[in-house]
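Enquirer: What shape does this take:
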Amino acid sequence: MRNVTSLLDKLLQKYEKSVRPGIGGEPLVIKTNMLIRSIGPITESEMTYSLQCYLRQSWHDERLKFDLPNITEVTLSNSFLKDIWKPNTYFLNGRLSVQPNITVPNAFVRIRKDGSIYMSRRLTINAKCPLNLLDYPMDAPVCPLLFGGYGYTTDEIIYRWPANNKSGVEIYDDVTMSQFDIASILAKNTTYSSSVGTYSGLEVYFHLKRHIGFFMLQTYLPCTLIVCLSWVSFWINRDAAPARVLLGVTTILSTAAVGLIQRDGLPRVPYATALDVFLNVCICYNLAAIIQYAAVNYFTKIIPKEGSTSDDEDVTTEDTKENQNGVNLSKLPRKTQSRCLFLFCKCLIGNFRFRYDMVASADITSGNSVSNIDILSRYIFPFSFCLFQAFYWAWYLGLKPY
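Expert: As a prediction, this is how the structure comes out:
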C-alpha cells in the first residue's frame, strides 16, 4: 500500500489533466461498451425514455505507466478521476441524465502497468425517443441513444465499439418492460459534421415491440361489445322509441368515454392512430344504429298499435285536398317507391306526400309488424363489422405496404 500510494503521488506530480493523452500524435481511441441494467418507462406524451446502464470506457495514457513488482493493475475510487484526464462524453439526445451518488458516486477506474485506463460509471439516462404513432398500439418504436465527445474532432479523439463485440451493448437477462419487448439492439460507429469540424460518436438503437394485450382487454374488446350491444335495438319493437333511442345514445357515449381515457396519455399528433381509427369506426356504427331507427320510424312505422292512423306527422293542405278529391293513394306506383335511393331521398327532404301515401295504403288490421329494414340490418351490421375487423387486424398486423 505504501508503494502504491507513493506511485500515485509520483504519477500525478507532473500530470496535466487538462491535456489529452498523446497530444500532437495520432487520434486517441476511446473504446466503449455498455451494460443495460434496466430500461423504461417510455413516455408517449413527452416522447422520451429512460434507462440505467454501466458506461465503460477505456483508453491509453502513456503518462500513467508504472512498474511495480507483482502488480499489473490498480483499482482506484472515483476520487482519483478528479486528478486525471478523462473523456468528456455527453449524450446528444439526452435530457436530465444523472449519475447516482448514493452512497458514493457510482464510478471507479483501473490503471494497468502499460498505461491502459478502464473507467466505469453507472448512469441514469433520460433521452428523446421520436415516436411514430400511426400504428399505435401495434407499433414497434425505435429509441436511439446518441453520444460522443464534446469539443474534440476526429483528428484528436475517435470513439469505437469493441471489435470483439458486435453490438458493444449488453443487457441483463432479467430486464423486462411492462409495455414492450426488446426485439433487438443495434449499435454502430458514426461521425457528426458541423461548421467547426467532424466529430466521432456512437449510436445505439433499441428496437421495441409494444404489448397489445392491455389494449385488447381495456379498449378493443369493450368497444366491440358496445357495438354489438347497439344491434339489440334491431330486435326491439319499433313502437318502443324511447328504448331504442336511449340504447343508441348510451352506446355512443360509452365508446366516446373509452376513447377519451385511452387518448389521455398520448401526444396531440396531427394524424389518426390505429386506435383512433378503430374507435371512430365503432362510434360510426353506433350512430348508424340510431339513424337506422330513424329510417324505420319514417318508412315503416305507419300506424300506432291500436290501429288508428299515425298523428305524429303533419299532412299538407294540398295533400289533404288531393285525397278529398277522390285520388286513390293506394294505387300510386310502387316500383319507384321500392328503390332504396328514392326512399332515402324522400326521407332527407321530408316528403309528406310520400308519408301520407304510405299511411293511406297501410293495412290497419295488421298494425306495425317487424320492419324489413330491421330484418335486413340484423345481417348487414354484423357482417360489415366483422369484415372491417378482419381488414383492420390484417392491415395493422403486417399486411400494409409500408
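Enquirer: State the phi and psi torsions of the nearest residue to I23 once chain neighbours are set aside.
Expert: Spatial nearest neighbour of I23, excluding adjacent residues (CB to CB, 6 or more residues apart in numbering): E156 at 7.9 Å. The way it works is simple: take the backbone N, C-alpha and C, and place the C-beta from them, glycine included. Backbone torsions of E156, given as degrees, to the nearest 10, read phi -120, psi -40.
Enquirer: hang on, E156 packs against P27?
Expert: Yes: the pair formed by E156 and P27 meets the contact definition of CB atoms under 8 Å, at 5.8 Å.
Enquirer: Compare these two and say which is more crowded by neighbours.
Expert: Neighbour comparison, E156 and P27: the larger count goes to E156, with 19 against 15 (by other CB atoms under 10 Å).
Enquirer: Please enumerate the strands of the protein.
Expert: Along the chain, counting by DSSP state E, strands occupy 28-43, 48-60, 73-76, 89-91, 107-112, 116-128, 142-149, 157-160, 169-171, 180-193, 198-210.
Enquirer: Tell me which of those strands sits nearest to R20.
Expert: R20 lies closest, by CB to CB, to one member of these: strand 28-43, at 5.9 Å.
Enquirer: strands paired with that closest one, and their directions?
Expert: strand 48-60 (antiparallel), strand 157-160 (parallel), strand 169-171 (parallel) (DSSP bridges).
Enquirer: Put together TSV for those strands, with distance to L145 and mean pLDDT on each row.
Expert: What follows is these, written out as TSV (distance: least, CB to CB, whole Å; pLDDT from 0 to 100):
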stretch	distance to L145	mean pLDDT
strand 48-60	8	92
strand 157-160	13	92
strand 169-171	9	89
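Enquirer: closest to F180 out of those strands?
Expert: strand 48-60 (9.6 Å).
Enquirer: the inter-axis angle of the closest one versus strand 107-112?
Expert: Angle, strand 48-60 to strand 107-112, by axes from the mean of the first three to the mean of the last three CA atoms, to 10 degrees: 20 degrees.
Enquirer: List the buried residues for strand 48-60?
Expert: Neighbour-count burial for strand 48-60, counted by 16 or more other CB atoms under 10 Å, picks out 48-60.
Enquirer: again, but for stretch 114-129
Expert: Applying 16+ other CB under 10 Å to stretch 114-129 flags 115-129 as buried.
Enquirer: Over to stretch 72-79?
Expert: Neighbour-count burial for stretch 72-79 [16+ other CB under 10 Å]: 74, 76, 78.
Enquirer: and for that stretch, what are the contacting residues?
Expert: Contact with stretch 72-79 is made by 4, 7-8, 66, 104-113, as judged by CB atoms under 8 Å, 6 or more residues apart in numbering.
Enquirer: And the buried ones among these, selectable in ChimeraX?
Expert: To isolate the buried members of the contacts of stretch 72-79 in ChimeraX, using 16+ other CB under 10 Å:
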select :7,8,66,106,107,108,109,111,112
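Enquirer: tell me which of the contacts of stretch 72-79 is nearest to T219?
Expert: Distances from T219 to the contacts of stretch 72-79, taken by CB to CB, are shortest for N106, at 40.7 Å.
Enquirer: Can you tell me the closest non-neighbouring residue to the closest one?
Expert: Closest to N106 by CB to CB, 6+ apart is R122, at 3.6 Å.
Enquirer: now swap in R244 and tell me
Expert: What sits nearest to R244 in space, not counting adjacent residues and going by CB to CB, 6+ apart, is S233, at 4.4 Å.
Enquirer: same thing with C223?
Expert: C282 (4.6 Å).
Enquirer: So the one you found is in contact with V227, correct?
Expert: Yes: under the criterion of CB under 8 Å, C282 makes contact with V227 at 5.1 Å.
Enquirer: quick one: which of the two has more around it?
Expert: The residue with more neighbours, out of C282 and V227, is C282; 27 against 24, by other CB under 10 Å.
Enquirer: For the stretch 301-402 of the chain, which residues score under the pLDDT cut-off?
Expert: Scanning the stretch 301-402 of the chain for pLDDT under 70 picks out 301-369, 399-402.
Enquirer: ugh, wrong one, I meant the stretch 101-250 of the chain
Expert: 164-167.
Enquirer: Report the residue ranges of every domain in this protein.
Expert: Following automatic domain parsing, the chain resolves into domains at 13-211, 214-399.
Enquirer: Distance from the longest one to the middle of the chain?
Expert: I take that to be domain 13-211. In terms of CA atoms, centre = their mean, to the nearest Å, the gap separating the centre of domain 13-211 from the centre of its chain is 28 Å.
Enquirer: Likewise for stretch 255-268?
Expert: Relative to its parent chain, stretch 255-268 has a centroid offset of 12 Å by CA atoms, centre = their mean.
Enquirer: what's in contact with it?
Expert: Contacts of stretch 255-268 (CB under 8 Å, 6+ apart): 44-47, 131, 133, 136, 215, 218-219, 222-223, 226-227, 273, 275-276, 279, 282-283, 286.
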